[in-house]
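1. below: sequence and its predicted model.
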Amino acid sequence: MDMAEAKPGDKVKVHYRGSLEDGTVFDTSHGRQPLEFTIGEGQVIPGFEGAVVGMEPGDSKSVTVEPPEGYGERRRELVVDVERDRFPAEMEVEVGKQVQVQEKDGSPRVATIARVDDDSVTLDVNHPLAGKDLTFDIELVEIDA
């Protein structure tokens, strides 16, 4: 009997480990429930989703996803300076800290504090993994067609 291959519209469960070029692991499903998503619904980055298509339960593979199929290229216009006094006085403002900001349309976004000086704070609204090649070790656990 032929095993089913994962295809658009299938709900799949996968275990994965995501790492950067230097080997740093940025995310993994190991030690918790497998990641569950429906192929074709845009719930995961395109390069990850595309890698699962054609896999059969029990298959494992390693893929490298470049920025256009991942979190996009880093965009300079998403790095902005704001006045230091726009932050609450009691708030700890330090490089690397993530803060929630509001887009012009009112929607929330997460920004990372990139630089701090006496008068201003530089916020980076790029996704932390934007501009990076990402390697995923993927194991297809189950297809729920």
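-> Done, it's in. Residues are numbered from 1 along each chain as shown.

2. just the strands in the chain please.
-> 11-19, 25-28, 35-38, 60-65, 79-83, 98-102, 108-116, 120-124, 134-144 (DSSP state E).

3. can you add mean neighbour count and distance to I45 and give these back as CSV?
-> Yep, even glycine has a C-beta here, placed from its N, CA and C like the rest. Converted to CSV, the strands of the chain look like this (neighbours: other CB atoms under 10 Å; distance: least, CB to CB, whole Å):
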stretch, mean neighbour count, distance to I45
strand 11-19, 19, 10
strand 25-28, 13, 11
strand 35-38, 16, 11
strand 60-65, 15, 7
strand 79-83, 13, 22
strand 98-102, 11, 20
strand 108-116, 14, 16
strand 120-124, 18, 19
strand 134-144, 18, 8
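
4. out of the ones you listed, which gets the lowest mean score?
-> Across the strands of the chain, strand 98-102 has the smallest mean pLDDT, namely a mean of 90.

5. mind giving me the domain split of the chain?
-> 11-71+130-144, 76-124 (automatic domain parsing).
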